[in-house]
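**Q** heads up, no residue letters with this:
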């Protein structure tokens, strides 16, 4: 049953109801009588309903309740006397200032607890000591700066404490089966010590980490996903010890060079928004499984021809907003997407891309292109999306041929506007009638000249040569 914009919990609800959703309402107070006639209720959602207070025994009669969500309301404390069969409790988006030991007493079946977007500045982990089966704990965006107390949570797998004010914590070692730890948007200056070996994913973006040492990651033998985006890293030479990494995000740091060694199992590498001016064949050596590589916004000037010779499975390459003047040679023929937006590329020839038979997306926006070889399109049989806007196009008749090829192939295109010649400046060249008329007139004129020439050739062949004839009208070289 779903209810919207009500002023109180509706009465006369069937006793057999299993799920009740009330949202966007104005229910200030909840009490025992509101749910006393719903013994079969298993899921109760009270979302954005203006709830300020809940009496202690309000949910006492709900012996079968497994999921309770009281999100985006005005609660200042955790409801008391919660049903003992509860497995999921969501209290995000309230004004809860503290968590106490008695808040979760008896909830031995609780698996998921969400208390994000509240006002919990300090926290003792001892409040979770009665939750032996807790698997997911979310404490994001509380302004939390101090954590105390040690509680062993043997089944905790997912812990998120993003967007707080934490700067040094060592209690993670007490979660022996933790798989995902999210600490983005805090004040850490180093990778937290003594992290559990069981970690599969570690998110530390938007902190103040300056360096990455081998000892920070050595014990994380199962780590597959590491995100250090938006820190202050100037070096990352300790990465090679995380031998099972498949996804690594080092974007938005201060890195001016690649690490001497990268984990060889990487499939996704994000090095965007750094200061990498040069890519060499040694930077990505051995990364045979790499599928996605992001190098945009680096001020990159040089990209060596053999830089990607090791990347035999690369499908997505992003090099936007750099200083490249041409498409790098020797790109892997496995590419399905190539992003070169915002460089200084002034020419695209068939030889640049003819081997990219799998390419489906080509982005050349905001470069210096004035024309494009029509053979480029014939060389890319699987091309589906072509982005060419933001270039200073010279809309001559040769571009009209490209336009026809694009229409024939059915390629989705963002073509941009003509910069030259003046008579069609500002028009989009895929729909420019001015360019079409100009080229048609030129074509008609050329055909007329060709017809006239053929007539003159026929006349000359039927005449006898005469030395005194005026040959000015028979300048064949000019006519042809």
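**A** That came through fine. Computed from a predicted model, the values in this text were never measured in an experiment.

**Q** switch to C-alpha atoms for all contacts and neighbour counts from now on
**A** Noted.

**Q** Now do the helices for the stretch 201-350 of the chain: every range, in order, please.
**A** Using DSSP state H, counting those that start in this stretch, the helices assigned to the stretch 201-350 of the chain run over residues 214-217, 350-353.

**Q** Mean pLDDT for these - can I get that in a markdown table?
**A** Formatted as a markdown table, these follow (pLDDT from 0 to 100):
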| stretch | mean pLDDT |
| --- | --- |
| helix 214-217 | 91 |
| helix 350-353 | 90 |
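
**Q** between these, which one is nearest to residue 193?
**A** For those, proximity to residue 193 was assessed by C-alpha to C-alpha; helix 214-217 is nearest, at 6.7 Å.

**Q** Can you list the buried residues in the closest one?
**A** For helix 214-217, the neighbour count (16 or more other C-alpha atoms under 10 Å) marks 216-217 as buried.

**Q** Name the nearest residue to residue 212, ignoring sequence neighbours.
**A** residue 236 (4.9 Å; C-alpha to C-alpha, 6 or more residues apart in numbering).

**Q** List the contacts of the one you found.
**A** Contact partners of residue 236, counting by C-alpha atoms under 8 Å, 6 or more residues apart in numbering, are 211-213, 258-259.

**Q** swap the cut-off to 10 Å and go again
**A** When the contact criterion is C-alpha atoms under 10 Å, 6 or more residues apart in numbering, the partners of residue 236 are 210-214, 250, 255, 257-262.

**Q** Excluding sequence neighbours, find me the nearest residue to residue 197.
**A** Residue 197's closest residue in space is residue 220 (C-alpha to C-alpha, 6+ apart), at 4.9 Å.

**Q** The one you found: neighbouring residues, count only.
**A** The burial count assigned to residue 220 is 23, neighbours taken as other C-alpha atoms under 10 Å.

**Q** Settle this for me: it is touching residue 194, isn't it.
**A** Yes. In this structure residue 220 lies within contact range of residue 194 using C-alpha atoms under 10 Å: 9.5 Å.

**Q** close enough to count as contact, residue 247 and residue 292?
**A** Yes. Taking C-alpha under 10 Å as the contact criterion, residue 247 and residue 292 are neighbours in contact, 9.3 Å apart.

**Q** Residue 180 versus the residue nearest to residue 197, what's the distance?
**A** For residue 220, the distance to residue 180 under the criterion C-alpha to C-alpha, to the nearest Å works out to 12 Å.

**Q** which residues do the two both contact?
**A** 198-202.

**Q** taking these one by one, which sit in strands?
**A** Of the shared contacts of residue 220 and residue 180, the ones assigned to strands by DSSP state E are 201-202.

**Q** In CSV, list the shared contacts of residue 220 and residue 180 along with neighbour count, pLDDT and distance to residue 371.
**A** Conversion of the shared contacts of residue 220 and residue 180 to CSV gives the following (neighbours: other C-alpha atoms under 10 Å; pLDDT from 0 to 100; distance: C-alpha to C-alpha, whole Å):
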residue, neighbour count, pLDDT, distance to residue 371
198, 18, 96, 55
199, 23, 97, 51
200, 20, 98, 48
201, 20, 98, 46
202, 21, 98, 46
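
**Q** Secondary structure class of residue 147, three-state.
**A** Three-state call for residue 147 (DSSP: H, G, I helix; E, B strand; the rest coil): strand.

**Q** How about the contacts made by it?
**A** By C-alpha under 10 Å, 6+ apart, the residues touching residue 147 are 121-125, 166, 168-171.

**Q** could you pull out the strands for the stretch 251-400 of the chain?
**A** For the stretch 251-400 of the chain, applying DSSP state E, counting those that start in this stretch gives strands covering 268-270, 278-279, 292-294, 302-303, 316-318, 337-339, 361-363, 385-387, 393-394.

**Q** Can you tell me which of those strands is packed in deepest?
**A** With neighbours defined as mean count of other C-alpha atoms under 10 Å, those peak in mean count at strand 393-394, which reaches a mean of 23.

**Q** Packing partners of that one?
**A** For strand 393-394, the elements it packs on are strand 418-420, judged by 3 or more C-alpha pairs under 10 Å, 6 or more residues apart in numbering; DSSP states H and E.

**Q** strands paired with the strand it packs on, and their directions?
**A** Strands adjacent to strand 418-420 in the sheet, as given by DSSP bridges, are strand 393-394 (parallel).

**Q** chain center to the partner strand: distance?
**A** Remark: strand 393-394 is offset 33 Å from the chain centroid, using C-alpha atoms, centre = their mean, to the nearest Å.

**Q** next one: stretch 289-307
**A** When C-alpha coordinates are averaged (C-alpha atoms, centre = their mean), stretch 289-307 and its chain have centres 18 Å apart.
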